[in-house]
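In: Got a sequence here, can you model it:
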Amino acid sequence: MVPGPTPAAFATAVSAYSWCSGLSRLFAATYIDRFDRRRLLLCVYALFALSNLACALANSFALLLAARAFAGITGGVLGSVIMAIVGDVIPVQRRGATTGTIMTAFSLAAIAGVPAGVMLGARFNWAAPFFLLVVLSLLVWMAGSRLVPSLAEHLNRRQPRPAEVLPDLGAVLSNPRHLNAFALTFMMMIAHMLVIPFISPMLVANHGVAPQQLSWLYMAGGAATFFTARQVGKLADRFGSQRVFRIATLLSFLPVLFITHLPDLPFYGMVMFFPCFMVLMSGRMVPMQALLTTVPEPARRGAFLSANSALQALGTGCGAWIGGLMLGNSPGGRIVGYGTVGWVAVAVAMVGVFWVSRVRGARREPPPAQVLRSDVVGES
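Out: Next comes the predicted model:
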């Protein structure tokens, strides 16, 4: 049985997932466009379920760390495949709403996943949430095998030979239009992760919030974003992804500065504020993701999105690392420096507000020839 990890060990496990996810997404850019999207999705999802089973069965921290790294490898590829499917089957005019629908998964995770994980861990042991993930992964795999059709139209285009793979990846990474998109992704993930990882420890250390109460905050925030993510996507479709991204990012500065300079509030006040924070933080990611699906040409969409996902993971790790370096502990155990972190996060995001005008899509695409059964993604 794995003993309770120290904070440093916990951070190592989180970093292992993030960095391995980023590396796997970058490597996926060399092969993701060579396979039927459906087959690749189901294969990688099965490996993801196995990685969670390995986490649950780990009897030492070293084995748990290795299993988490494997989960990062498979999870990174999954994200790239899913966004490539969105780009293949959803018209540009509806990708904002579709991206919002997909991102409601994060809301559901906050509503149900965090409380379920806390309760299962307290009621049984640390491995119980991983067993639940295995069961849920199998259910999703079975649903995907029934609902997702073969998606192989991109295979009709010429695929690079093995000897051309690395030069082809170099072309993806050096394309000026792609580089502008990569830069936006990287800076926005840094701005995001400068703040978010330290909310829970700050609330516990500085405001006396009991760890078990944190679930209520994430439930409230997740419930709000569940209803707003798709609406933000529709606004991006109607008014343009760049415009909605700018507005949502500017509005997010207020809750970011508020939570990083949080005054003493009763717990119910925090529960009322957290939905506002999560809605606006999610609101700037939905139009950005929708915009990014328009940047590459169809034949290179999978490779581009894999590389972009790698930059997301890299930005996630860098943002959390930089934020941690800026924080300290007072003699009384309080976390200090969080206000400065908030201002830095706002400054980085402000650069993104100006930079987004440099992110431009490829030429207009024709309507996709294939759609999911019953248009599940577009109309759900």
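
In: what's the burial count for Trp19?
Out: Trp19: 18 surrounding residues under other Cβ atoms under 10 Å. Yep, even glycine has a C-beta here, placed from its N, CA and C like the rest.

In: so who does the closest residue in space to it that isn't next to it in sequence touch?
Out: The shortest distance from Trp19 to any non-neighbouring residue, by Cβ to Cβ, 6 or more residues apart in numbering, is to Gly317 (5.9 Å). Contacts for Gly317 (Cβ atoms under 8 Å, 6 or more residues apart in numbering) come out as Ser15, Ser18, Trp19, Gly22, Met193.

In: Make a markdown table out of those and add pLDDT.
Out: Listed next are these as a markdown table, based on pLDDT from 0 to 100:
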| residue | pLDDT |
| --- | --- |
| Ser15 | 64 |
| Ser18 | 72 |
| Trp19 | 73 |
| Gly22 | 77 |
| Met193 | 85 |
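
In: out of the residues you listed, who's nearest Gly240?
Out: Set against Gly240, the nearest of these by Cβ to Cβ is Met193 (26.4 Å).

In: who's in contact with that closest one?
Out: Here Met193 is in contact with Gly315, Thr316, Gly317, Cys318, Gly319, Ala320, Gly323 (criterion: Cβ under 8 Å, 6+ apart).

In: Compare these and tell me which is most surrounded.
Out: Gly319 (26 neighbours).

In: Report the secondary structure element holding that residue.
Out: In this structure, Gly319 sits in helix 301-326 according to DSSP states H and E.

In: what comes up buried for that helix?
Out: Applying a neighbour-count criterion of 16 or more other Cβ atoms under 10 Å, one finds 301-323 buried in helix 301-326.

In: hang on, Asp264 in a strand?
Out: No. Assessed with DSSP: H, G, I helix; E, B strand; the rest coil, Asp264 is coil; it does not lie in a strand.

In: number of nearby residues for it?
Out: Using other Cβ under 10 Å, Asp264 is surrounded by 8 other residues.

In: isn't it right up against Leu203?
Out: No. Using Cβ atoms under 8 Å, Asp264 is not in contact with Leu203, being 11.4 Å away.

In: returning to that earlier point: mind putting the contacts of Gly317 into a markdown table with secondary structure and distance to Ser241?
Out: A markdown table is the format used below for the contacts of Gly317 (DSSP: H, G, I helix; E, B strand; the rest coil; distance: Cβ to Cβ, whole Å):
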| residue | secondary structure | distance to Ser241 |
| --- | --- | --- |
| Ser15 | helix | 31 |
| Ser18 | helix | 26 |
| Trp19 | helix | 29 |
| Gly22 | helix | 24 |
| Met193 | helix | 22 |
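
In: The closest residue to Phe304 other than its chain neighbours: what's it in contact with?
Out: Closest residue to Phe304 apart from its sequence neighbours, by Cβ to Cβ, 6+ apart: Pro296 at 3.6 Å. Applying Cβ under 8 Å, 6+ apart to Pro296 gives the contacts Gly87, Val172, His178, Ala303, Phe304, Leu305, Ala362.

In: Now the helix or strand in which Met202 is found: buried residues?
Out: If you go by DSSP H and E, Met202 is part of helix 199-207. For helix 199-207, burial by neighbour count (16+ other Cβ under 10 Å) applies to Ile199, Met202, Leu203, Val204, Ala205, Asn206.

In: for stretch 272-284, same thing?
Out: Phe273, Phe274, Pro275, Cys276, Phe277, Met278, Val279, Leu280, Met281, Ser282, Gly283, Arg284.

In: among the residues you listed, which one has the lowest pLDDT?
Out: The lowest pLDDT within those belongs to Ser282, with 85.

In: Just confirm that one contacts Val232, I think it does.
Out: Yes. Counting by Cβ under 8 Å, Ser282 does reach Val232; the two are 7.4 Å apart.

In: pLDDT below threshold where in the stretch 1-150 of the chain?
Out: Confidence mapping of the stretch 1-150 of the chain against pLDDT under 70 gives the ranges 1-15, 29, 92-93, 95-97, 99-119, 121-122.

In: how much space between the residue of the chain positioned farthest from its centre and Ala220?
Out: Going by Cα atoms, centre = their mean, the residue of the chain most distant from its centre is Pro331, 35.3 Å out. Pro331 is 33 Å from Ala220, where distance means Cβ to Cβ, to the nearest Å.

In: in the longest helix along the chain, what counts as buried?
Out: If you go by DSSP state H, the chain has its longest helix at helix 61-89. By 16+ other Cβ under 10 Å, the buried positions in helix 61-89 come out as 64-89.

In: Kind regards, and thank you for your time.
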